[in-house]
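[1] Please work out how this folds:
(2 chains)
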Protein chains: 2
Amino acid sequence: MRCEIITIGNELISGRTLDLNAWYAAEKLTAAGLQVTRITSIGDDCDQVSETLENALKMSQFIIVTGGLGSTDDDLTNEIVAKVLNRPLCLDREMFELIRRHASMQGVAMNPFLEKMAWLPDGSKMLSPEGKACGFSLVENEARLYFLPGVPEQMRYLIDRIVIPEIRSHCERLPVTRELTLKVFGLSEPRIAEIFEDLRGRTGKALLGFYPHFPENHITVTLTDRDHHVVALEMERIEKAIRDRIGPYIFACGNGSMAEAVGQVLKRRKWTLSVAESCTGGLVGHLLTAVPGSSSYFLGGIISYSNQAKIDVLRVSPGTLQSAGAVSDETVREMAEGVRQKLKTDLGIAISGIAGPEGGSQEKPVGTVHLGMATVEETFTRKYCFMGSRRQIKRVSAMMALDWLRRYCNGDPFLPGL
Amino acid sequence: MRCEIITIGNELISGRTLDLNAWYAAEKLTAAGLQVTRITSIGDDCDQVSETLENALKMSQFIIVTGGLGSTDDDLTNEIVAKVLNRPLCLDREMFELIRRHASMQGVAMNPFLEKMAWLPDGSKMLSPEGKACGFSLVENEARLYFLPGVPEQMRYLIDRIVIPEIRSHCERLPVTRELTLKVFGLSEPRIAEIFEDLRGRTGKALLGFYPHFPENHITVTLTDRDHHVVALEMERIEKAIRDRIGPYIFACGNGSMAEAVGQVLKRRKWTLSVAESCTGGLVGHLLTAVPGSSSYFLGGIISYSNQAKIDVLRVSPGTLQSAGAVSDETVREMAEGVRQKLKTDLGIAISGIAGPEGGSQEKPVGTVHLGMATVEETFTRKYCFMGSRRQIKRVSAMMALDWLRRYCNGDPFLPGL
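    Next comes the predicted model:
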């Protein structure tokens, strides 16, 4: 069963926008056991779209098309499909109603541009699970075509909710494919490659992959077999083999995040948390509060960007700031203890560092970051030397702080292991 | 002059690897004034590559092909090109020597797999500036083809050093293309479409595009002409026409961010800023501190996630929290004034809301967000009803807070206009 993906938009072929839609669809289709044979990106151009569609219809059973469904003049997909497949445009009442409702929620009256979106090629089936995103599908001879919006959130929603399940249901005895992603923090890519040298590539029925996602590294295991049971057993065996080697470095699997992992252990321990952030500027708080329900363990934080804020709000001693500097073990110790007391939490985390690009010195170059963690019993501190851009240094610092929490709460090997 | 890009590799169509090569080439070609008409990704498959190449030769004057040049069995590009163009493979002595030298530097003796890479289709010209990367080009009828390695660093090196300068030299009087992006906040996509209805699509020599980038909307103007001067003048005219209509909603052009815009006006005003964040959890601080040099105006903030933190750190009155609730104009007023006093800044921003998915009520549904801003003279507050996921509500709330600052400091129409 051949699938192909066509993405439409001038912004794609001009290089203005990176084509994440094709990538997402390709990954999901492959993971579902289907074979993607081609990805084509073209502009909002009638001839190009016609030619590409005609060609695809000759080659593929499943064709995913994204983009060109919007209300502006350069959104031409519906018209072109109508022409190429010789199916006149018909007003889809249901689609019209959905668009009207959405527009009115944004205070916009229905107009010809919006109405245009509801004129679909004859025989189309509107795709709109729970009205959250809108596309349409149609069947032409042997081929099944899916037309999805170019807006990534909507496109992803429809791929996951409609396209993949539908395509799977039309393929008899598709092999079972399962993919497992283990997310690793604190081990470099070459280190991981070294540790798993003997398992690289195919190991039995499984395909192992290693992918950097700064500052994380992801290990993927892909298993394909006709037998559900074989896949499940083999996956279990391989996951265990990986965990035996690098267990404490794995912070999540699948879609889990580091902040979710931290939330889970904090909830289990019934501990509360506060943060004192200097160079990360609020990023740790932002990551923690991205998790629904985080208010049950995260009570708040102080973004002590200036020295004065460190003194006034966190009660860091001016003497410490003067003698050791704002970026030092001494300062993060007082920051961590200060925020823990101020917010009356079980744990207090503190971060102070030089994110760059300016502000570095011989003694404390850009990337110098000190972390501190105050607990009921004691306070830990440590200096790190990170590399990268301002953005990367902020990110890896925040992740390291969260990883401290995760390891501490799990009772895993802590500072020395990192 | 039509250009197209073909990227070859199983990892691309399976979604395992994001195709950054096509994106890079497209951007560079567009910036050089060339028109990319199509990007095609295919697997390491003989039939697919043949068909795609044949099709490209019918359509385009310049064809960039990446991938499939390596030494492994699935690197088939050279052989396929030889077959499709009917040009037997010939050993390129220079290429052979280069490969041998590189291999010996890595302690590897020459072998048939490496030698394979030096057998190029008859008439090929090796591309290897300073021996740093290796590809080849050839001319077939009217078309010029460039075959580049899939390794991103090498591919980019050859694009910049060889491909773009050569293509430009073969195009007489290439038109000048300039693109301008204006970033808009506070106007929905349908609203923007409405405002610019008369300028939709082509307006004179310019092409207008509207792209949503939640929670921003981007307007792009693309101008092409043979005359530099015409492009510059016309761009100025169109930018002015757009600014005349929605000036205060435009917060940045090009790569600028909202936080940078805020930084610029704060610096100009010589004002300092602090933030009190509840539902955004540190995101405003994170965005502000993503800007290098932000420490000169951003002094810090309080992430008052719990009510107790609002009382203890920001001195919000327990009575206010009880009577009006944490998500109210009254509370954000006290939060904004509290943080401004605590951190001794000119301006204090406060955000409190319900990001969801839980925590909403009939009276205050998910998406209810109150903003407050304390200035030297007075304190402003306002309630918003945002829509979307937890992530989106946090993001649009943070952006709105930054936009308040930008508008206030610019002396632009403020609350009523939003």
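
[2] top helix in chain A by residue count?
    In chain A, assigned by DSSP state H, the helix with the most residues is helix A:390-410.

[3] and that helix, average pLDDT?
    Taken as a whole, helix A:390-410 carries a mean pLDDT of 96.

[4] Repeat that for stretch A:229-241.
    For stretch A:229-241, the mean confidence score works out to 92.

[5] what about that stretch, distance to the chain center?
    25 Å (Cα atoms, centre = their mean, to the nearest Å).

[6] How about stretch A:326-335?
    33 Å.

[7] hmm, it in reach of chain B?
    No - taking Cβ under 8 Å from any Cβ of the partner chain as the criterion, stretch A:326-335 and chain B are apart, separated by no less than 10.4 Å. Any C-beta I mention is one placed from the backbone N, CA and C, and that applies to glycine too.

[8] Work out which residue lies at the spatial centre of chain A.
    A:Asn255 (7.6 Å; Cα atoms, centre = their mean).

[9] Can you list phi and psi of A:Ala309 for me?
    phi -60, psi -40 (degrees, to the nearest 10).

[10] Pretty sure B:Ser295 is one of the things it touches, is it not?
    No - with contact defined as Cβ atoms under 8 Å, A:Ala309 does not reach B:Ser295; the gap is 10.6 Å.

[11] quick one, which of the two is more surrounded?
    Higher neighbour count among A:Ala309 and B:Ser295: A:Ala309, with 25 against 20, using other Cβ atoms under 10 Å in any protein chain shown.

[12] ok, now which ones touch the residue nearest to that one when sequence neighbours are not counted?
    Leaving aside its sequence neighbours, A:Ala309 sits nearest to B:Gly300 (Cβ to Cβ, 6 or more residues apart in numbering or on different chains; 3.6 Å). Contacts here follow Cβ atoms under 8 Å, 6 or more residues apart in numbering or on different chains; on that basis B:Gly300 touches A:302-306, A:309, A:313, B:274-275, B:285, B:343.

[13] now do A:Ile219
    Taking Cβ under 8 Å, 6+ apart as the test, what A:Ile219 contacts is A:181-182, A:184, A:192, A:196, A:208-210, A:242.

[14] what about it, which helix or strand?
    Using DSSP states H and E, A:Ile219 maps to strand A:216-225.

[15] now that strand against helix A:390-410, angle please.
    Here strand A:216-225 points in a direction 70 degrees away from that of helix A:390-410 (axes from the mean of the first three to the mean of the last three Cα atoms, to 10 degrees).

[16] Distance from the chain centre to strand A:216-225, please.
    With Cα atoms, centre = their mean, you get 16 Å for strand A:216-225.

[17] Can you give the strand pairings for that strand, parallel or anti for each?
    Sheet pairing of strand A:216-225 (DSSP bridges) gives strand A:176-184 (antiparallel), strand A:206-213 (antiparallel).

[18] low pLDDT regions in the stretch 301-418 of chain A?
    A:414-418 (pLDDT under 70).

[19] Show me which residues of it are close to chain B?
    A:301-306, A:308-309, A:312-313, A:342-344, A:355-358, A:390-391, A:394.

[20] How is A:Leu174 assigned, secondary-structure-wise?
    coil (DSSP: H, G, I helix; E, B strand; the rest coil).

[21] neighbours around the closest residue in space to it that isn't next to it in sequence, how many?
    Among residues not flanking A:Leu174 along the chain, A:Gly33 sits closest, at 4.6 Å (Cβ to Cβ, 6+ apart). Residues within reach of A:Gly33, counting by other Cβ under 10 Å, total 16.

[22] which element is A:Gly33 on?
    Residue-wise, A:Gly33 maps onto no helix or strand under DSSP H and E.
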